[in-house]
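1. Sequence first, then the predicted structure:
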Amino acid sequence: MSKPKVLISDKMDPNAARIFEERGCDVDVITGETPEELAARIGEYDGLAIRSSTKVTPAILDAATNLKVIGRAGIGVDNVDIPYASGKGVVVMNTPFGNSITTAEHAIALMMALARQIPEANARTQAGEWPKSAFMGVEVTGKTLGLVGAGNIGSIVASRALGLRMKVVAYDPFLTEDRAVELGVEKVDLDTLLSRADFVSLHTPLTDQTRNILSRERLENAKPGIRIVNCARGGLVDEAALKDLLDSGHVAGAALDVFETEPPAKDHPLFGTPNFICTPHLGASTTEAQVNVALQVAEQMADFLVNGGVTNALNMPSLSAEEAPKLKPYMKLAENLGSLVGQLAHGNLTKISIEREGAAAGLSGKPIEGAVLAGLMKQYSDTVNMVNAPFLAKERGLDVRSVRHEREGAYNTLIRVTVGTEQGDRSVAGTLFGSDAPRLVEIFGVGIEAELAGHMLYIVNEDAPGFIGRIGTLLGQNGINIGTFHLGRRDAGGEAVLLLSVDQPIPQDVVKQACDLEGVKFVKPLEF
Ligand SMILES: NC(=O)c1ccc[n+]([C@@H]2O[C@H](COP(=O)([O-])OP(=O)(O)OC[C@H]3O[C@@H](n4cnc5c(N)ncnc54)[C@H](O)[C@@H]3O)[C@@H](O)[C@H]2O)c1
Ligand SMILES: O=C(O)[C@H](O)COP(=O)(O)O
């Protein structure tokens, strides 16, 4: 049998190539190719090992006719089209912890550099000046650091900041009071964080919820003199607003390791702004972190290609060979139900219960639980999968219950997912039609029958004549084609629910227009 062939297409520690060879793979290291060059070459390979420079687009995946696994030596996988890779049957893996310490240290380094204006002082001193009176720094001791995101990296930043005798406040919907106490941080909401923090450090993935999380409005309302560090992802901070607020002095300093577009344009408006410093996405760039992620990714990929073992896969459930075919449609249903409550429930989630009845009660609960939690937590983390979701949920103090009912219900088989939020419990339920077609059958107490797939729109409205025409017209006027249309209501003339699927993502301005339609109470675009 021929050896599996792996391409390393980004700069990676040489340990990766060594491990691939030692574990029975042929390996090529070819970096810096254009997408066209990569597309022309990728068809030969079973595995592709990358960092953040290689963009694994549908065009690359279409050309990758032999590809079985993509391994990301690092955390963020926003450069890989995971749904498309899944559709092609390609497993996507990452190394969720290998560079966390290094990245946390970079955030602290940038914070200290901001506090003492080190880059500018260095540049002017080396240029022959002695500008001692031009620089007056601030101490970090006793100051408040606001962490947006308290996962792996945020938690490490918290511990380092506490060591520097800072106070740490954190905003993270998955941070429980117990975990906050364990970390030594105070859990607050985002507005409170921004009103109290002297320094803010961002540690969330880029998702629909976190995009522009430091918006112009939030920055304008933040504590005057605030300093901002972003070592997570470009797009979390409004760069144009940051420029204006640095110019006005409202924001006293900002340090970006990541940009909305990378590399940023040579004439990026922030370049040259006083009290702005940046690095070229160096968060993970230490010898230690690069050795860690290179070793891990090569070990995981080689294990998969040679032995079929799966570790840290983001798009593949861990299932035994016998159970897999029976569980497969349930896993999809479970993940969709988790994703649905994750996208719709607001505020802090404290508990989740996963109930199985009818045929579902006879199945193994753990994979279903993993799939629900993965669907739920994908809204909050790039790195979650069915394997690690239960651990992440536990670590974050989410109370998870799996309940198996003996009773006969209205459906032959049913999964119900209920989350506890500050507004009370919220529940969704689904079944399988014809033994393998997942269907939603209830949403927040309203009976409705729908397939959860692709781009969807959820609307709660007053049950009154004319509404369906109005929403259909609005979408039609905006060139949005409706695929499926599902209605449900609590009582005639009361609250009604509309769930429709469309052929493309719904732009924000159309969502806003839908919110403004007569009788509409709530609108939310959904993605499955
Ligand atoms: N600059 C770099 O080189 C570099 C290096 C490593 C990681 N990163 C990036 O750092 C980010 C964080 O990595 P991590 O390993 O800590 O991930 P993680 O998944 O462990 O933690 C992310 C945290 O963000 C929280 N979160 C999600 N949505 C939120 C929201 N709307 N508001 C507040 N908190 C929210 C999650 O609950 C979670 O606790 C990722 O985007 C990763 O790609 C950057
Ligand atoms: O998500 C990550 O791991 C970081 O952004 C690091 O990216 P890099 O490996 O390209 O430096």
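-> The structure has been received and is ready for your questions. Model, not experiment: these values are computed from the prediction. Ligands and ions are numbered 1, 2, ... in the order given.
2. Contacts only, for the residue of the stretch 401-528 of the chain found nearest ligand 2.
-> Nearest to ligand 2 in the stretch 401-528 of the chain, going by CB to the nearest ligand atom, is Glu527, at a distance of 21.3 Å. For glycine as for every other residue, the C-beta is placed from the backbone atoms N, C-alpha and C. Neighbour list for Glu527: 208, 343, 454-456, 505 [criterion: CB atoms under 8 Å, 6 or more residues apart in numbering].
3. can you pick the most crowded of these?
-> Met456 (23 neighbours; other CB atoms under 10 Å).
4. burial measure for the closest residue to it other than its chain neighbours, as a count.
-> With sequence-adjacent residues excluded and distances taken as CB to CB, 6 or more residues apart in numbering, Met456 is closest to Leu526, at 4.3 Å. Neighbourhood size, Leu526 [other CB under 10 Å]: 19.
5. Now do stretch 273-287: everything it contacts.
-> 13, 51-52, 74-75, 99, 102-103, 105-107, 110, 113-114, 117, 119-120, 231, 243, 246-247, 252-259, 262-263, 270-271, 290, 293.
6. The residue nearest to Met456 and Leu314: what is the separation?
-> For Leu526, the distance to Leu314 (CB to CB, to the nearest Å) stands at 20 Å.
7. mind listing what Asp238 touches?
-> Counting by CB under 8 Å, 6+ apart, the residues that Asp238 touches are 212, 214-216, 219.
8. As JSON lines, the contacts of Glu527 with pLDDT and distance to Ser86 would be great.
-> Shown next, in JSON lines, are these (pLDDT from 0 to 100; distance: CB to CB, whole Å):
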{"residue": "Asp208", "pLDDT": "87", "distance to Ser86": "19"}
{"residue": "Gln343", "pLDDT": "93", "distance to Ser86": "19"}
{"residue": "Gly454", "pLDDT": "95", "distance to Ser86": "14"}
{"residue": "His455", "pLDDT": "97", "distance to Ser86": "17"}
{"residue": "Met456", "pLDDT": "97", "distance to Ser86": "18"}
{"residue": "Pro505", "pLDDT": "93", "distance to Ser86": "18"}
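9. Which of those residues fall in helices?
-> Gln343 (DSSP state H).
10. my read: the residue nearest to Met456 touches Gly454, true?
-> No - the pair Leu526 / Gly454 is not scored as a contact, 9.4 Å apart, by CB atoms under 8 Å.
11. ok, now which ones touch the residue of the chain found nearest ligand 1?
-> Residue of the chain nearest ligand 1, by CB to the nearest ligand atom: Gly151 (1.9 Å). Counting by CB under 8 Å, 6+ apart, Gly151 touches 172, 174, 203-204, 381.
12. least confident pick among those?
-> Minimum pLDDT across those is recorded for Ser381, with 81.
13. What residues does the protein have near ligand 2?
-> 51-52, 74-76, 99, 281, 283-285 (CB under 6 Å from any ligand atom).
14. I'd like those residues written out as TSV, with pLDDT, neighbour count and secondary structure added.
-> Output for the residues of the chain next to ligand 2, formatted as TSV (pLDDT from 0 to 100; neighbours: other CB atoms under 10 Å; DSSP: H, G, I helix; E, B strand; the rest coil):
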residue	pLDDT	neighbour count	secondary structure
Arg51	97	24	coil
Ser52	95	19	coil
Gly74	97	27	coil
Ile75	96	26	coil
Gly76	94	20	coil
Asn99	97	27	coil
His281	97	19	coil
Gly283	98	26	coil
Ala284	97	23	coil
Ser285	97	17	coil
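15. helices and strands around the strand or helix carrying Leu61, which ones?
-> Leu61 is located in helix 58-63, with elements delineated by DSSP states H and E. Contacts defined by 3 or more CB pairs under 8 Å, 6 or more residues apart in numbering; DSSP states H and E place helix 58-63 against helix 35-42, helix 82-87.
16. Check which residues of stretch 75-86 are buried.
-> Using 16 or more other CB atoms under 10 Å as the test for burial, stretch 75-86 gives 75-82, 84-85.
17. I'd like the residues you listed laid out as CSV, including distance to ligand 1.
-> Output for the buried residues of stretch 75-86, formatted as CSV (distance: CB to the nearest ligand atom, whole Å):
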residue, distance to ligand 1
Ile75, 4
Gly76, 3
Val77, 8
Asp78, 7
Asn79, 10
Val80, 12
Asp81, 16
Ile82, 14
Tyr84, 19
Ala85, 17
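18. Any idea which of those the model trusts least?
-> Out of those, that is Tyr84, at 84.
19. Quick check: nearest residue in space to it, chain neighbours excluded?
-> Excluding its sequence neighbours, the residue lying closest to Tyr84 (CB to CB, 6+ apart) is Pro58, at 4.8 Å.
20. Run a quick neighbour tally on Asp13.
-> For Asp13, using other CB under 10 Å, the count is 19.
21. cool, the one 3 residues further on as well?
-> Ala16 is surrounded by 27 other residues when neighbours are defined as other CB under 10 Å.
22. quick check, Leu333 in a helix?
-> Yes - secondary structure of Leu333 (DSSP: H, G, I helix; E, B strand; the rest coil): part of a helix.
23. what's the helix or strand for the nearest residue to it once chain neighbours are set aside?
-> Closest residue in space to Leu333, ignoring its immediate chain neighbours: Pro438 at 3.6 Å, by CB to CB, 6+ apart. Here Pro438 sits within strand 437-443, counting by DSSP H and E.
24. Is Ile233 part of a helix or strand, or is it coil?
-> One thing to correct before we go on: residue 233 is Arg, not Ile. coil.
25. What is the burial count for the closest residue in space to it that isn't next to it in sequence?
-> Closest residue to Arg233 apart from its sequence neighbours, by CB to CB, 6+ apart: Leu206 at 3.9 Å. Neighbourhood size, Leu206 [other CB under 10 Å]: 20.
26. wait, Leu206 sits on Asn230?
-> No - if you go by CB under 8 Å, Leu206 and Asn230 don't touch, sitting 10.6 Å apart.
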